[in-house]
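Asker: have a look; sequence and predicted model below, questions after that.
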Amino acid sequence: NTIVGRNAFKAEESFQSVTSETQRETVEINGRQITKKTKEITNCISMVLPGPHVFLLLIPLGRFTPEEAKSVKIIQETFGENSLMYTMVLFTRGDGLKNKTIEQCLGNPGSPLMNLIEACGKRYHVFNNNQTEDRTQVSDLLEKIDAMVKANGESFYSCKIFRQMEREKQEQQMKFLMERVEKLEEEKETMKMMTEEAKQNQDKERKRREDEDKKRWEREKQISEEQYQRLKSEMEEVIREKIRIERERREQLEEFEKILKEERNMREDQQKTFEEKLQLLEEHHEGKLKRRQLEMKEEWEQEKKEKICTETKETLKNINPPYFSMRK
């Protein structure tokens, strides 16, 4: 509000941010157009084509909250590492300084606030919002922004940078999913080999036991019927245990195959959704850019017509006065 010179943006006393929607305001200061925007930052880039020159991180003096302490991390995660080249801290409520300088209020090196300023390239400015009529503080801010833009090679944070960063994040997610699928494939193959090995061992063990049982049975033929029945029951228990183990191994293998199939389907769906969103975003930006170019062309033609009319009137004004004087 101090920059645009009017109460264009909502401002309340709160320990949390009160802004929830994107808002754009434009004002002319010292012969230049300044466009201000509020939060919902992932949607704001498309409203300032071809891209913003600076991100102003607003912090009221005396209210440095944990939310503001992690602002740099939020900016980096949203716009990428290079976004800090275009970021400046703007302290509001500078009337709270009284007889102190801003440097005396920043704290010692290594403090959360100093770490934030260091991350933003030591770029900061102070506003006294109770003296909005003092436009020099706005002019000083614009001079600091100009210096930052010059240091950045006259560049700005473009939609292309934002789309590239988003694409890299999606590629990292895809890479993570691919690695997880490959890991599941390896685990499936390992489980299959273990199952085969266990089956072979069970077959060998079964054959060994059957041979031993057969020999034992032949030796025990002469034993009483009761002893024979007991040995038979033990053999049946061994066979049942073998069947149970084989069934559990088979169920585990089927469960792994099901998980692998679900992971593969999810990866294909995410890739398809990402491609569709990317196409819609590019079409949306191209449409806005074409409309803006058409509006600029119409404005230029209108200004040209007005300039021709003005020049014609001035020419007629310089020629006609003697003529009317003589007739009078």
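Answerer: Great, that's in hand.

Asker: for this structure, what spans make up the helices?
Answerer: Applying DSSP state H to the chain gives helices spanning 41-44, 66-69, 71-79, 102-105, 112-119, 136-151, 159-219, 225-327.

Asker: a markdown table for these, including mean pLDDT and distance to T92?
Answerer: To be clear about C-beta, it is placed using only N, CA and C from the backbone, and glycine gets the same treatment. A markdown table is the format used below for the helices of the chain (pLDDT from 0 to 100; distance: least, C-beta to C-beta, whole Å):
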| stretch | mean pLDDT | distance to T92 |
| --- | --- | --- |
| helix 41-44 | 58 | 18 |
| helix 66-69 | 77 | 12 |
| helix 71-79 | 75 | 14 |
| helix 102-105 | 81 | 12 |
| helix 112-119 | 84 | 14 |
| helix 136-151 | 89 | 11 |
| helix 159-219 | 79 | 27 |
| helix 225-327 | 81 | 31 |
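
Asker: quick one: contacts of stretch 102-109?
Answerer: Under the contact criterion C-beta atoms under 8 Å, 6 or more residues apart in numbering, stretch 102-109 has outside partners 61, 91, 94, 97, 113-114, 117, 124, 126.

Asker: okay but L84 is in contact with A119, surely?
Answerer: Yes: when contacts are counted by C-beta atoms under 8 Å, L84 is listed as touching A119 (5.9 Å).

Asker: next, format the helices of the chain as CSV and append mean neighbour count and distance to L57.
Answerer: Shown next, in CSV, are the helices of the chain (neighbours: other C-beta atoms under 10 Å; distance: least, C-beta to C-beta, whole Å):
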stretch, mean neighbour count, distance to L57
helix 41-44, 14, 11
helix 66-69, 13, 8
helix 71-79, 17, 6
helix 102-105, 11, 15
helix 112-119, 16, 8
helix 136-151, 14, 13
helix 159-219, 13, 18
helix 225-327, 11, 25
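
Asker: can I get these in CSV with distance to R6?
Answerer: Shown next, in CSV, are the helices of the chain (distance: least, C-beta to C-beta, whole Å):
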stretch, distance to R6
helix 41-44, 20
helix 66-69, 25
helix 71-79, 26
helix 102-105, 26
helix 112-119, 29
helix 136-151, 12
helix 159-219, 29
helix 225-327, 24
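
Asker: how about these, which one is nearest I3?
Answerer: helix 136-151 (5.6 Å; C-beta to C-beta).

Asker: now list whatever residues contact both of L84 and A119.
Answerer: V72.

Asker: could you pull out the strands for the stretch 1-150 of the chain?
Answerer: Secondary structure of the stretch 1-150 of the chain (DSSP state E, counting those that start in this stretch): strands located at 24-29, 32-37, 55-60, 87-92, 124-126.

Asker: least reliable of these going by mean pLDDT?
Answerer: Mean pLDDT is lowest for strand 32-37 out of these, coming in at a mean of 63.
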